[in-house]
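Novice: A structural model of the following input is requested.
(one chain, ligands or ions: 1)
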Amino acid sequence: MAGVVGRLARRWCSGALSSPLQVTRFPTLQLHLCGPAMTASQKDFENAMNQVKLLKKDPGNEVKLNLYALYKQATEGPCNVPKPGVLDFINKAKWDAWNALGSLPKDNARQNYVDLVSSLSASSESPSQVTPAADRKQPGGDALVVTSQDGITTITLNRPDKKNALTTQMYHDIMLALEAASKDDSAITVLTGNGDYYCSGNDLTNFTDVPPGAVEEKARSGAVLLRDFVDCFIDFPKPLVAVVNGPAVGISVTILGLFDIVYATDRATFHTPFSHLGQSPEGCSSYTFPKIMGSSKATEMLVFGKKLTAREACTQGLVTEVFPDSTFQKEVWVRLKAYSKLPPNAMRISKQVIRNREKEKLHAINAEESSILQERWLSDECMNAIVNFLSRKAKL
Ligand SMILES: CCCCC/C=C/CC(=O)SCCNC(=O)CCNC(=O)[C@H](O)C(C)(C)COP(=O)(O)OP(=O)(O)OC[C@H]1O[C@@H](n2cnc3c(N)ncnc32)[C@H](O)[C@@H]1OP(=O)(O)O
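Specialist: Reported below is the predicted structural model:
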């Protein structure tokens, strides 16, 4: 649904719709406009455009018309196209909205657009809507949305209709996003999911469509990708926080052992059904999980595929804190915004002190796990499990 709303909003808000901006209908916006004169930067504007993609609730036609008009005014200036005919309802509504902005300067339109998006986001409960503002090119389309604001860079998995399963492209994009986040001016980096799931793990179709004779090569390149992907988490220099907004499966659970903080809604569950899938642990979990929760609890999860509730995962040390789903987003983002104001260099150095001692070991474990998985992917057990899922004979 969110994806549909996002797409809809994007179509309305950046292509071509509105009525004049009714500031009185948007108290937050009105507040901004009455404050000291501000002009949003191009980066803020692009962030806001990206944030519109994450809106979960359809803001309604009037708001979408406002967004459209402000977008056009900000990018092209005053309305400069002929008025559509009276029967061309949609285009006429869009034209009216844009035209009603008169000679509003581009800078002001850009600021109003940013403020309007911000007011829409503030009234929403989504994490990335509370913090928002995406500012990076996303090579894989909208499946990954990167936002940066208030000293926090947020990487949002955005395939809610597929429970945020990770495609091959998304692994690459997450690596690029982490690389960029490590160098940007944010203090903290967050990974979260859009929709009801945090992440359903590896997209099982990553293993399909392999031509005969290329299976071994696919397993080999998969293992290289997995190793590179997990290496990025091992080496990530800044505090890395998982905002687990719903159930988590597979690799999205195992890499949690490499995060510095894991906040979870009480609706989240943590499931690593590797034996069911004919696979074996990755993400350094064969090392981090026993260390975090002790070897028998780790075995229950990694070997027997026991699914933990958020509270169980917290008791066992995998999760830092659990929040009621109804206040999850609000509480977590308030907390993170406060943390992001701490001196960034001190946080980075403290993290390094903690992590450096183990880095070499973690890389070695990652390499070993990836190579074992390469073999597992070629096993009948694994292939059967994937075929069963794809033919809907099996679900976790
Ligand atoms: C480079 C390679 C690195 C590899 C690293 C290895 C990692 C190992 C793992 O991550 S193992 C874990 C793999 N994940 C799974 O096995 C989960 C499979 N999914 C499910 O069992 C279920 O979908 C569910 C329990 C997550 C959710 O069930 P629910 O009934 O609520 O929803 P649907 O099943 O209807 O799902 C909605 C649509 O999403 C698609 N989907 C969900 N998960 C995946 C997935 N992992 N891969 C591919 N597609 C997935 C599902 O197929 C539905 O799509 P549809 O609407 O088009 O039918």
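Novice: Can you list the buried residues in stretch 278-292?
Specialist: 278-290, 292 (16 or more other CB atoms under 10 Å). Every residue, glycine included, has its C-beta placed from N, CA and C.
Novice: Surely Phe270 and Arg311 touch.
Specialist: No: using CB atoms under 8 Å, Phe270 is not in contact with Arg311; the gap is 10.7 Å.
Novice: The two: which has the busier surroundings?
Specialist: Between Phe270 and Arg311, Phe270 has the larger neighbour count (other CB atoms under 10 Å), namely 26 against 13.
Novice: Quick one: residues contacting the more buried one.
Specialist: Contact analysis of Phe270 by CB atoms under 8 Å, 6 or more residues apart in numbering lists 247-248, 253, 256, 301, 307-308, 310, 312-313, 318-319.
Novice: Now intersect those with the strands, please.
Specialist: When DSSP state E is applied, those are split such that 248, 308 fall in strands.
Novice: Among the contacts of Phe270, which ones lie close to the ligand?
Specialist: Among the contacts of Phe270, no residue sits close to the ligand (CB under 6 Å from any ligand atom).
Novice: Get me the contact residues on the protein for the ligand.
Specialist: 162-163, 165, 171, 200-206, 222, 225-226, 249-251, 277, 279, 282, 389, 395-396.
Novice: Which entries within those residues meet the buried criterion?
Specialist: Buried among these by 16+ other CB under 10 Å: 162-163, 165, 171, 200-204, 206, 222, 225-226, 249-251, 277, 279, 282, 389.
Novice: so of those residues, which ones are in strands?
Specialist: Reading strands off these with DSSP E, I get Val249.
Novice: Point me to the residue of this protein nearest the ligand.
Specialist: Gly250 (2.2 Å; CB to the nearest ligand atom).
Novice: Give the burial count for Ser103, as a bare number.
Specialist: The local packing of Ser103 (other CB under 10 Å) involves 8 other residues.
Novice: That one contacts Asn80, correct?
Specialist: No: Ser103 is beyond contact range of Asn80, at 11.5 Å (criterion: CB under 8 Å).
Novice: hmm, back to that, state the distance from the nearest residue in space to the residue of the chain closest to the ligand that is not next to it in sequence to Pro247.
Specialist: Take Gly250 and drop its neighbours on the chain: the residue closest to it by CB to CB, 6 or more residues apart in numbering is Gly201, 2.5 Å away. Note on Gly201: its distance to Pro247, by CB to CB, to the nearest Å, is 10 Å.
Novice: Next: Ile155.
Specialist: Relative to Pro247, and taking CB to CB, Ile155 is found at 19 Å.
Novice: do the same with Gln329
Specialist: Gln329 is 16 Å from Pro247, by CB to CB.
Novice: repeat for Glu62
Specialist: Distance from Glu62 to Pro247, by CB to CB: 36 Å.
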